[in-house]
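**Student:** sequence plus the predicted model coming up.
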Amino acid sequence: MIYLDYAATTPLDPRVLQAMLPFLTADGSFANPASTHGPGYKARAAVEKARAQVAALLGAEPAEIVWTSGATESNNLAIKGALEFHGGGARKAHIVTSRTEHKCVLDTCRHLETQGVRVSFLKPGADGIVSPEQVLEALTPETVLVSLMWVNNEIGVVQDVQKLAPLLRERGVLFHVDAVQAAGKLPIDLRATPIDLLSVSAHKIYGPKGAGALYVRKKPRARLAPQMHGGGHEWGMRSGTLATHQIVGMGAAFEIAAAQLQSDAEQLGGLRDLLWQRLQALPRILRNGDAERTAPHVLNLSFEGVEGEALRASLPDLAVSSGSACSSATQEPSYVLRALGRDDELANASLRFSLGRGTTAEQIERAAESVIKQVQWLRELSPLWKP
Amino acid sequence: MEAVNSTEANPFGYAEPIWERFTHPRHVGEFAAGTPGVVSGEAGSKAARSVLRLQLRFEAGRVADVRFRAYGCPSSIAVGAWIVEWSLGKTAAELAALRAADLRKALEIADDRAHCALLGEDALQAALASYAAKS
């Protein structure tokens, strides 16, 4: 089995696992980090160390990191929290986002629409890029928030959030960025980039599933209404007992990601380019998303003349996605590729290869060989294929 | 012609009869133009992402050889492979009795893929109509 679905999730780094283990059992720091006794303070110290580790990868202050259960919660908290805080009263609050956001952003925005919020879902160009100008044109005096992802999870395209952030700051509009696929892949420096809210996840960069964070800027302070009420944890922004071991794991994963940022990016980019080079032996394949403005770990391709489900089924030794793992169960053609203007057939006959630290050149060669062989076979099988 | 070559046994949970024919289809292709006794039948559409083309070569009133091509999901490919294999040695009257329900039973086709069985029935009926027109 060749695993090329690292954008869906990654295995836990063994160093991360070792960091997590002392926080689970009676002989370790299992205590509630909110407890005011020795073991509680010890657990709290581990949580705070992890907060600093996560902040360091993002160029943020530790006090700007709010723990969540993952990026879905972070995105929900950012968008609903900002709208609830700023969008009340007589104002008809407005959000600007794009059609290629992750489902958890799109569905949160759609939910808010049912509550009376107006949402502009911007259509990216055929290259997957939403231009800063497009965003600025969509702003209205009622716009509370712009939510745009840094790196698209399906096609790897990098949005120009660094250019957009100061433009939104000048206009007094909050800027939320889903940076799940950017963290650990691209340099992020929130001291230099005036993003207000930024979501990250642990399990996309070799940390545990079930752990995430929302960066909430302190200066100027981004204000949110909490979406989880309870004991007032996390400065009242997210109540619930902190999952010390998960948080420690996330911190360790982010520290490793910071140390390996450049070498990881070079490894992934090199292997991604090798895969693309090899697969171009096949005629009539299309690369989805801009080939230059892209994160190093994703390659999304459409294959003319084959049916998507048969293509994926014909590659049982390859763990790859069609679209994102979160929506591929429905087997609908990718909404991201359709937003780029691909027809249903090409959107359906697509594969997302996403590479990770475990990927080797030998795996890429073997994967390319099977994809070429199976695409050729399905084309040969088809009554419609005309070489 | 070699199809799917996997060390993993059906990791997607397809019904075994579907997986077996999807991974090891026989009689893929078509007869050379002008081969005597050949009738063709096609069903489906590109827009619906499934097209099945069957070819039956009759000899003395019975199917002597078969070919098929399919574009579509594994179930629709398996339907094509199953029909041509089943057709061998049968008369047109015997073939005419095949219904989508029979295909669903033979290949354990799930409800959400019932259209793949209909695709098979339609393609076979089209081939038989062509046979009737020629006879």
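**Tutor:** Good, I have the coordinates.

**Student:** where do the helices sit along chain B?
**Tutor:** B:16-23, B:74-87, B:92-96, B:100-107, B:114-134 (DSSP state H).

**Student:** I'd like these as CSV, with distance to residue A:240 and mean pLDDT appended.
**Tutor:** Every residue, glycine included, has its C-beta placed from N, CA and C. Below are the helices of chain B laid out as CSV (distance: least, C-beta to C-beta, whole Å; pLDDT from 0 to 100):
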stretch, distance to residue A:240, mean pLDDT
helix B:16-23, 44, 95
helix B:74-87, 44, 97
helix B:92-96, 65, 97
helix B:100-107, 49, 97
helix B:114-134, 46, 96
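
**Student:** return the most buried member of those helices.
**Tutor:** helix B:74-87 (a mean of 27; mean count of other C-beta atoms under 10 Å in any protein chain shown).

**Student:** list the helices and strands that one packs on?
**Tutor:** In terms of contacts (3 or more C-beta pairs under 8 Å, 6 or more residues apart in numbering or on different chains; DSSP states H and E), helix B:74-87 is packed against helix A:308-313, helix B:16-23, strand B:50-59, strand B:62-71, helix B:100-107, helix B:114-134.

**Student:** contacts for the longest one?
**Tutor:** This means helix B:114-134. Outside helix B:114-134, the residues within contact range by C-beta atoms under 8 Å, 6 or more residues apart in numbering or on different chains are B:39-44, B:48, B:50, B:52-56, B:58, B:72-73, B:75-76, B:78-80, B:82-83, B:87, B:92, B:95-96, B:98-101, B:103-104, B:107, B:109.

**Student:** measure the residue nearest the centre of chain B to residue A:134 for me?
**Tutor:** Centroid check for chain B by C-alpha atoms, centre = their mean gives residue B:80 as the closest residue, at 2.0 Å. As judged by C-beta to C-beta, to the nearest Å, residue B:80 and residue A:134 stand 46 Å apart.

**Student:** give me the low-pLDDT residue ranges for the stretch 51-200 of chain A?
**Tutor:** A:88-91 (pLDDT under 70).

**Student:** now with 50, please.
**Tutor:** A:90 (pLDDT under 50).

**Student:** contacting residues for the residue of it found nearest chain B?
**Tutor:** Residue nearest to chain B within the stretch 51-200 of chain A: residue A:154 (19.9 Å; C-beta to the nearest C-beta). With contact taken as C-beta under 8 Å, 6+ apart, residue A:154 is in contact with A:100, A:288, A:289, A:298, A:300, A:323, A:324, A:334, A:336, A:337, A:352.

**Student:** which residue sits closest to it, ignoring its sequence neighbours?
**Tutor:** Nearest residue to residue A:154, sequence neighbours excluded (C-beta to C-beta, 6 or more residues apart in numbering or on different chains): residue A:336, at 4.3 Å.

**Student:** okay, now that neighbour: neighbour count?
**Tutor:** Neighbours of residue A:336 under the rule other C-beta atoms under 10 Å in any protein chain shown: 29.

**Student:** what do you get for residue A:133?
**Tutor:** Neighbour tally, residue A:133, other C-beta under 10 Å: 11.

**Student:** check residue A:147 too.
**Tutor:** By other C-beta under 10 Å, 25 other residues sit near residue A:147.
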